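**Student:** When you get a sec, could you give me coordinates for this:
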Amino acid sequence: MVLEAPTPRRRAIEDAASALFRRNGYPATSIRDIASALAIRGPSLYAHVTSKEDVLWAIVDRAASRFEAAAEAAEWTTPSDSAARIAALVRAHVDVVTADPGDASVFVAEWRHLSADRRAGILARRDAYEARFRGAIAEGMASGTFAMTDPSVAATFLLSALNGIATWYRPDGHLGRDRIADYFADLATRSLTEAAR
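**Tutor:** Got it, this is the predicted structure:
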C-alpha cells in the first residue's frame, strides 16, 4: 500500500498530536492543546484538519499501513519455514515500532476512540495482521516445529510483548533497533519451539 505523504504542516500537526495522545491519552488532549504545542491558534488548526478524530485516524491508519507493509515484505522474502517466518514477522514488527514509537503507541492504545465505522475497519485490519502470526504458528505446530498450543493465544502473547516495546524503547538506549529485533525474534521462536523438542 502506498501512503500519501501529508503536507509538512499537516505532518507537524500529526506529530504534535501523536506526542500528546501518547503522553496524555486521546480523550485528555484537546485541539487547543495540539495548537498550543505548535504555537498556533486553535482556529488556525482547522485550516489543516477537520477534527481531532481525523488527526487520530491519520495516525492510526498510517501506523496500520506501516505494520501491514512490513509484514507483507517480511513474508515475501522469507523461506516457508515456520520458525523463520515468525522471526521475520517479529523483526518487521519491531522495526515499525522502533522507527516511530509515538505512532505505534497511539495505534496500540488509542484506536478505540475512533468512530464506530473507523474502529471496525481498524479492528478488521488488526485481526488480519494477527492472522499472519496465527497462521505461521499453526503451520509450525502442524509440521512439528512448534509445540502444540492455541495459535490465537500464542499470537496475542507475541504481539502484546512486541507492542509493549513502544512504552520503553528509546533511540538513545543501550540497545539498537536491530539488537532488539534479534532478541525478540530469538525469544519468540524459542518460546514456540522449546517444548516441541
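**Student:** lowest-pLDDT helix or strand in the protein?
**Tutor:** Ranked by mean pLDDT, DSSP states H and E, the weakest helix or strand in the chain is helix 42-45, scoring a mean of 77.
**Student:** Check which helices and strands it sits against.
**Tutor:** helix 31-37 (3 or more C-beta pairs under 8 Å, 6 or more residues apart in numbering; DSSP states H and E). Using the backbone N, CA and C atoms, a C-beta is placed for each residue, glycine as well.
**Student:** Would you mind listing the buried residues in the helix it packs on?
**Tutor:** 31, 33-35, 37 (16 or more other C-beta atoms under 10 Å).
**Student:** Also stretch 83-102?
**Tutor:** 83-98, 100-102.
**Student:** Equivalent analysis for stretch 169-188, please.
**Tutor:** Of the residues in stretch 169-188, 169, 177, 180-182, 184-185, 188 count as buried by neighbour count, 16+ other C-beta under 10 Å.
**Student:** For residue 190, give me the pLDDT.
**Tutor:** For residue 190, the model assigns a pLDDT of 94.
**Student:** and it, how far is that from residue 184?
**Tutor:** Here residue 190 is placed at a distance of 11 Å from residue 184 (C-beta to C-beta, to the nearest Å).
**Student:** Also residue 56?
**Tutor:** Look at residue 56 and residue 184: by C-beta to C-beta, they are 27 Å apart.
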